[in-house]
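>>> structure, please.
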Amino acid sequence: MELPKSVRAERMAENIDVFDFELTDEQMARIATLDADRSLFFDHHDPAMVTWLAKRRLDA
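Here you go, the predicted structure:
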């Protein structure tokens with residue numbers, strides 16, 4: 001992702017104005033189908049994974 005780098009006030013306003021659209025009910029329904037109700041990384045309900053995660057330690 002690239003950060004906006006403008007120094008002109010009108011371009012800065014354009015870069016900040018990201019809410020100038022609306023999603024239709026159909027688009028919202030399609031987005032809702034993307035939730036698969038599971039992690040894409042690992043299964044928190046898998047006993048083997050929970051055991052593995054429990055053994056991990058972060059160094060302070």
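>>> low pLDDT regions in this structure?
1, 4, 60 (pLDDT under 70).
>>> mind running it again at 90?
1-8, 11-21, 33-46, 53, 56-60 (pLDDT under 90).
>>> and the helices in it?
With DSSP state H as the criterion, the chain has helices at 9-16, 25-32, 47-54.
>>> in CSV: those helices, plus mean neighbour count.
C-betas here are computed from N, CA, C, even on glycine. Below are the helices of the chain laid out as CSV (neighbours: other CB atoms under 10 Å):
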stretch, mean neighbour count
helix 9-16, 11
helix 25-32, 9
helix 47-54, 10
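>>> which other residues reach stretch 19-29?
residue 31 (CB atoms under 8 Å, 6 or more residues apart in numbering).
>>> what does stretch 32-43 give?
49, 53.
>>> that one: end-to-end distance?
Using CA to CA, to the nearest Å, the end-to-end distance of stretch 32-43 comes to 21 Å.
>>> from residue 14, how far out is the residue sitting furthest away from the middle of the chain?
Within the chain, residue 8 marks the point farthest from the mean C-alpha position, 29.8 Å out by CA atoms, centre = their mean. Here residue 8 is placed at a distance of 9 Å from residue 14 (CB to CB, to the nearest Å).
>>> ok, now residue 39?
For residue 39 relative to residue 14 (CB to CB), the value is 37 Å.
>>> what's the answer for residue 52, then?
48 Å.
>>> count of residues packed around residue 43?
Residue 43: 11 surrounding residues under other CB atoms under 10 Å.
>>> ok, now how distant is it from residue 52?
Applying CB to CB to residue 43 and residue 52 gives a distance of 11 Å.
>>> what is in contact with those two at once?
In contact with both residue 43 and residue 52: no residue, using CB under 8 Å, 6+ apart.
>>> no more questions from me, cheers.
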